[in-house]
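1. next comes the sequence, and after it the predicted model I'd like to discuss.
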There are 2 protein chains.
Amino acid sequence: MTVTVIGTGLIGCSLANRLRETGFAQRVIGVDNNEKNLITALQLGWIDSSMVLDEAVKQSNLVIIAIPVDVTRKLLTSILDKLDKQVLMDVGSTKGAICQSVADHKNRGRYVATHPMWGTEKDGPESVVKDAFKGRVAVICEKDRTDADAMQLVEDLYTRIGMQLVYMNAEVHDMHAAYVSHISHIASYALSLTVLEKEKEEDAIFELASGGFESTVRLAKSNPAMWVPIFEQNRENVLDVLNEHITQLRKIKSCLEKENFEYLKELIEDANKIKRILK
Amino acid sequence: MTVTVIGTGLIGCSLANRLRETGFAQRVIGVDNNEKNLITALQLGWIDSSMVLDEAVKQSNLVIIAIPVDVTRKLLTSILDKLDKQVLMDVGSTKGAICQSVADHKNRGRYVATHPMWGTEKDGPESVVKDAFKGRVAVICEKDRTDADAMQLVEDLYTRIGMQLVYMNAEVHDMHAAYVSHISHIASYALSLTVLEKEKEEDAIFELASGGFESTVRLAKSNPAMWVPIFEQNRENVLDVLNEHITQLRKIKSCLEKENFEYLKELIEDANKIKRILK
C-alpha cells in the first residue's frame, strides 16, 4: 500500500516508520511546506519520496494528516475535494471542530477522525521514536459517519502498530483530552514560567533539578505551533479544567497560609489516589 | 567502616546499597520504628543487621538519618548527645529548621547537614533503585560549622557514589529547593486532584493517559508522611513560589478567556526556555 504523510514532523515520521516496519505500507510519500523537515525525513529514510500534495494524493491509498490542528482544519476540506477511493485520516489532538468542518462534505465517508494518544515534547523528523504508539490507545471518532472500508483500513493500521482502539463521540473526546492531556501541558508550561521567574540563578536549576522536577516540567518544552491551536480549538473544556486546577492549588495554598497541615495531609492522600489508576 | 542508617525506607536502603556496593561501608546497621520496613530491608539484604538506636550508634563510624524532616528535627539533638567520635549526617529535603535546631549543641561539629537531590515517588525498602544518586548533586550546608574530619568523610561518601558536591547556606538551600523541587510536588498533587475531580470516568484516565500526563502526575504518588513536614518546614518559600505559580496559571487562563492567542504563544515560547537549561 502507498501512504502519504502530510507533515513530516515527529508524529508523521514516527508513524511512517512504524507503518513500513510492520509491512502495512510498502511506500510512504512525504508532503510538507517545511523544506527542512522534508529533506531531513528523506535523509533519515522515514519517507521514500517527497511530492506536491495533489500528486501524492493521486498516488496513495491512504493519506494521513499529521500537522497542527488549525492547519488540519483548513486543509481538510480541500483534500476531501480531491479524493476518489482513497482514505483520509488525521491524528490531531482535538476532534470536535475538525469533524464539524467537514460534517456536510460529499466525501465525508472517506475521512476517519482519529487521535493516537502518543507523543513526546520534541518535534521534527530527527526526534522519531522507534517503537512509538505501541501499547497506547488510539481514539476513533464518528465511526458511524465513516465508510466501512475506510474505517476498516484505519482500524487495521492502528492494530498493526500495536494500539488499542477506543471509540468516542468527538465532543466527548475533546472533554477527556482536556482532562488527561491538555491540562498537563498547561500545568507544565506554568511550572516552567514559575521557576524561570523565581529562580534567577539558572545554574541552580541546572544543578539542583531532580528527576522529579525534570519529569514535571518536561512537557513545557512542547512546541507552541502545535499547542496553541489545540488550546484554541478546545478552549471551553481547557478553561473548565484550568479553573478547577487553580481551585485545587488555592486549597493547598490556604492550608499553608493557615498552617492547617492536617487538611494538607488529607489533600495529598486524595491526590495519592491516582496510584489506583496509574501504577 | 560501619554505617548505621536510621530509616530503612527508599532513601536509607538505596544509600545503604550503594555504600556497600562501592566498598565505602563494610557493614550497615538498620534502625527503624517501622518493623515491617526493617524486616524487609533485612530480607532484601540492604542492611546486615538491625539494632536499637543506642547500640547502633555505639558500633558505628557514621550515622545517617533518612527519615521525614519533622522526625529528623526531633531526633537530631538526642543523637548528637550520644556521639563521641562518630559522624552524624542527615539527608532531609529541608535544611534551615534542622540546622537551627542544633546550632548551639556542644557536638554540632560532628553533624553534617546534607541533601542528596535524588528520589522517586515511591517509598519503602522494596522500592530501592540500584544505581541511585549517581550523577546528581548533593548539597552540603554549613560546612564552616562542621569538624574537618566529619566533612571529609561525608564528602568522600558522596563522591564515592558518584554525586557532585555543591555547598550552600541552609536558608539559600531551602529557597532553591522550594523553586526546583517542592513546587513540582505541589503542582503534581494539584494536577492529580484536578483530574480526579473532573474526570469521573476512571477508565478514561487509565485508557487515555498519555506518557505526558503520566510524567506530570507521577510525583502526586509521593507519600504525605514525607512531604507534609517538608512543606511545613519550608512554608514561606513554598508559599512564595506557589503564589507565583497561581499567577502564571491565571495569565494563561486570561489568554484563553480573552482569546488572546498571540500572548498565549509568547507565554509558551517563554516556558520553552527551560530547554536551554534542561536538555
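-> Nice, thanks for sending it over.

2. any buried residues in the worst-scoring helix or strand of chain A on mean pLDDT, and which?
-> Within chain A, no helix or strand scores below helix A:202-208, which has a mean of 80 by mean pLDDT, DSSP states H and E. If you call a residue buried by 16 or more other CB atoms under 10 Å in any protein chain shown, then helix A:202-208 has these buried ones: A:204, A:205, A:207, A:208. Just so you know, the C-beta spots here come from the backbone N, C-alpha and C atoms, and that holds for glycine as well.

3. then stretch A:262-274?
-> With burial defined by 16+ other CB under 10 Å, the residues of stretch A:262-274 counted as buried are A:264, A:265, A:267, A:268, A:270, A:271, A:272, A:274.

4. cool, and stretch A:141-150?
-> The neighbour-count check on stretch A:141-150 (16+ other CB under 10 Å) flags A:141, A:142, A:143, A:145, A:146, A:147, A:150 as buried.

5. any chance of those residues in a markdown table, with pLDDT, distance to chain B and secondary structure too?
-> Below are those laid out as a markdown table (pLDDT from 0 to 100; distance: CB to the nearest CB, whole Å; DSSP: H, G, I helix; E, B strand; the rest coil):
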| residue | pLDDT | distance to chain B | secondary structure |
| --- | --- | --- | --- |
| A:141 | 98 | 13 | strand |
| A:142 | 98 | 17 | coil |
| A:143 | 98 | 17 | helix |
| A:145 | 97 | 22 | helix |
| A:146 | 98 | 21 | coil |
| A:147 | 98 | 26 | coil |
| A:150 | 98 | 23 | helix |
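
6. widest-spaced pair of those residues?
-> A:141 and A:147 (14.7 Å; CB to CB).

7. just the helices from chain A, written as ranges.
-> With helices called from DSSP state H, chain A shows them at A:10-21, A:35-43, A:53-59, A:69-82, A:96-101, A:148-160, A:170-177, A:183-198, A:202-208, A:211-217, A:224-233, A:235-257, A:261-272, A:274-277.

8. would JSON lines of the ones you listed with distance to residue B:58 be doable?
-> Output for those, formatted as JSON lines (distance: least, CB to CB, whole Å):
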{"stretch": "helix A:10-21", "distance to residue B:58": "59"}
{"stretch": "helix A:35-43", "distance to residue B:58": "65"}
{"stretch": "helix A:53-59", "distance to residue B:58": "79"}
{"stretch": "helix A:69-82", "distance to residue B:58": "67"}
{"stretch": "helix A:96-101", "distance to residue B:58": "70"}
{"stretch": "helix A:148-160", "distance to residue B:58": "64"}
{"stretch": "helix A:170-177", "distance to residue B:58": "59"}
{"stretch": "helix A:183-198", "distance to residue B:58": "45"}
{"stretch": "helix A:202-208", "distance to residue B:58": "36"}
{"stretch": "helix A:211-217", "distance to residue B:58": "36"}
{"stretch": "helix A:224-233", "distance to residue B:58": "59"}
{"stretch": "helix A:235-257", "distance to residue B:58": "41"}
{"stretch": "helix A:261-272", "distance to residue B:58": "35"}
{"stretch": "helix A:274-277", "distance to residue B:58": "40"}
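
9. mean pLDDT lowest where, among these?
-> Looking over the helices of chain A, mean pLDDT reaches its minimum on helix A:202-208, with a mean of 80.

10. who's in contact with it?
-> A:195, A:199, B:117, B:137, B:139, B:164, B:166, B:176-177, B:179-181, B:274, B:276-278 (CB atoms under 8 Å, 6 or more residues apart in numbering or on different chains).

11. CA atoms of that helix as CSV?
-> This file holds the C-alpha atoms of helix A:202-208, laid out as CSV (Å, rounded to 0.1, in the frame of the first residue of the first chain):
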residue,chain,number,x,y,z
GLU,A,202,19.9,29.3,36.1
ASP,A,203,22.9,27.3,37.4
ALA,A,204,20.8,26.4,40.4
ILE,A,205,18.0,25.0,38.2
PHE,A,206,20.6,23.0,36.2
GLU,A,207,22.5,21.7,39.3
LEU,A,208,19.6,21.1,41.7
